[in-house]
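Colleague: the sequence isn't on hand, but the structure is:
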């Protein structure tokens, strides 16, 4: 079976699926970045390192403590979220009123420290992490074999993204967040504990990164450098989607994953640059991003 | 009327924005159920006084008692819970929230008085326009509707001390009249109101007392009965 363009359908579909899986990670990471940027005005460079930490924690727990994947799917985000709360309360809080560049530099510094520490303990070679038994194997869906674990990654991360979108756009708590993004001082004057909200938002954003990390552990090799490779693309995704837009971050993440996958089929040489080409084009036409509002 | 704890008692209030010293020892007292108007030229420190009460300026020094409780050292989010509702000059209607979400945004205050908290239904009876437009994006409302929304949303929280900054500014006369009727209604309901007003004609028939500010301090204070005798002083101070 082949399409008239000479690409076998299974190859096309498996690249599409791979693209969708990557897109799911882009979506979860850029969603966290967008939420954090919206309320804290901080470009969280540490996002990649915290994603890595999520995966590494899952590996360490499995290797040394025998704690399984499902438990770490909850515990990793929780631990990293708490770490985020500490980072926000002790460090980030001091740079809100300054230019973006200070937040960027601070979180870059945090990244270097975290990656350096992990590297000196675990080295740079990838550590293997097997997917949980229940999700091993593949399902025949007619035109291709669908690896169960990859399907799970796509479905669960889209679920998490939709859940987050729902909470932010449709609930009372979300209305505090949206209002706080626009004018935190007035929201605080209404009697809402904005500083606490900011801390918890940062904790939640980085917990999402850690969750993506655990989901990624069986697919990518767990390594202290795994966040670095991803975070640059994720920043491009956030720029394309528009800073601070929730839905924009999710849709752009998934879309770019798919574009990347398709590029691998039709013109593999360009697959690692296509995201940045799209970014350049979008910035030329819509400087605020696809879903961003011009200020 | 002047018995009991004042709703608001400010003594020797100094405030800064960064390096610049903007309030130089403001003293004012507002009794329960009173409507008080702060008059003065632009830049005299009226808006800054309200912002300082809410903890929205930089450093503050002095004393601010709200319903008898000292609040000068409290963080902004705790100040409202002593019974204050703040309507800022820029209205601060949120564009990412619809009209109803804007109305329901301020939480019920812990120290609020239940009998003064209006229900959503009561608010929509007073402002039928807002009921019609409850699903519209906040900033799609007309200027007048946005102003009504900005005031309405602090009426359901249980706040009994309302700080209203320039609510008549830039609005059509018919809307200004509606706002004047609303202030009188709030007064009947027993709310304490502090208004910052440029529009002297709007404020004159509503207020029980007036303070005039200049250079970040109160320079003149009088009751509505004394108003006729003060007109010439006012003209000089306000340049109206």
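Modeller: Here it is on my side, so go on. Because the structure is a prediction, the values reported are computed rather than measured.
Colleague: so residue A:81, which state does it fall into?
Modeller: The three-state label given to residue A:81 by DSSP: H, G, I helix; E, B strand; the rest coil is helix.
Colleague: from residue A:9, how far off is it?
Modeller: 42 Å (CB to CB, to the nearest Å). Every C-beta, even on glycine, is put in place using the N, C-alpha and C of the backbone.
Colleague: SS state for whichever residue of chain A sits closest to chain B?
Modeller: For chain A and chain B, the shortest gap (CB to the nearest CB) falls at residue A:191, measuring 3.3 Å. Here residue A:191 is coil, with the state taken from three-state DSSP.
Colleague: burial of it, as a residue count?
Modeller: 26 (other CB atoms under 10 Å in any protein chain shown).
Colleague: nearest residue to it other than its sequence neighbours?
Modeller: residue B:80 (3.3 Å; CB to CB, 6 or more residues apart in numbering or on different chains).
Colleague: wait, what's in contact with that neighbour?
Modeller: A:189-191, B:54, B:86, B:106, B:109, B:157, B:159 (CB atoms under 8 Å, 6 or more residues apart in numbering or on different chains).
Colleague: out of the residues you listed, which one has the weakest pLDDT?
Modeller: Lowest-confidence member of the contacts of residue B:80: residue B:109, scoring 87 (pLDDT).
Colleague: part of a strand, is that one?
Modeller: No - using three-state DSSP, the secondary structure at residue B:109 is coil, not a strand.
Colleague: which residues of the chain fall in helices?
Modeller: I went with chain A, as the question did not name one. A:9-40, A:47-60, A:69-90, A:100-122, A:148-170, A:172-182, A:184-189, A:194-216, A:226-241, A:246-266, A:274-285 (DSSP state H).
Colleague: please go with chain B instead
Modeller: Counting by DSSP H, the helices of chain B are B:46-53, B:76-79, B:99-104, B:120-126, B:128-132, B:143-152, B:173-188, B:200-203, B:227-238.
Colleague: so which bits of the last one are buried?
Modeller: For helix B:227-238, the buried set under the neighbour-count rule, 16 or more other CB atoms under 10 Å in any protein chain shown, comprises B:227, B:230, B:234, B:237.
Colleague: which other residues reach it?
Modeller: So helix B:227-238 is contacted by B:39-41, B:200, B:204, B:210, B:212, B:214, B:219-220, B:222, B:240 (CB under 8 Å, 6+ apart).
Colleague: if we go to 6 Å?
Modeller: B:212, B:222 (CB atoms under 6 Å, 6 or more residues apart in numbering or on different chains).
Colleague: swap in the longest one?
Modeller: Contacting residues not belonging to helix B:173-188 are listed as B:35, B:144, B:167-168, B:202, B:206 [CB under 6 Å, 6+ apart].
Colleague: and stretch B:190-209, by the same measure?
Modeller: B:7, B:30, B:32-38, B:46-47, B:160-166, B:168, B:176, B:183, B:223-224, B:240.
Colleague: so which residues on the stretch 51-200 of chain A come close to chain B?
Modeller: A:175, A:178-179, A:182-183, A:185-186, A:188-193 (CB under 6 Å from any CB of the partner chain).
Colleague: buried subset of the residues you listed, written for PyMOL?
Modeller: Per 16+ other CB under 10 Å, the buried members of those correspond to this PyMOL selection:
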select buried, chain A and resi 175+178+179+182+183+186+188+189+190+191+192+193
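Colleague: roughly how far apart are whichever residue of chain B sits closest to chain A and residue B:29?
Modeller: Closest contact between chain B and chain A, by CB to the nearest CB, is at residue B:80 (3.3 Å). As for residue B:80, its distance to residue B:29 is 20 Å (criterion: CB to CB).
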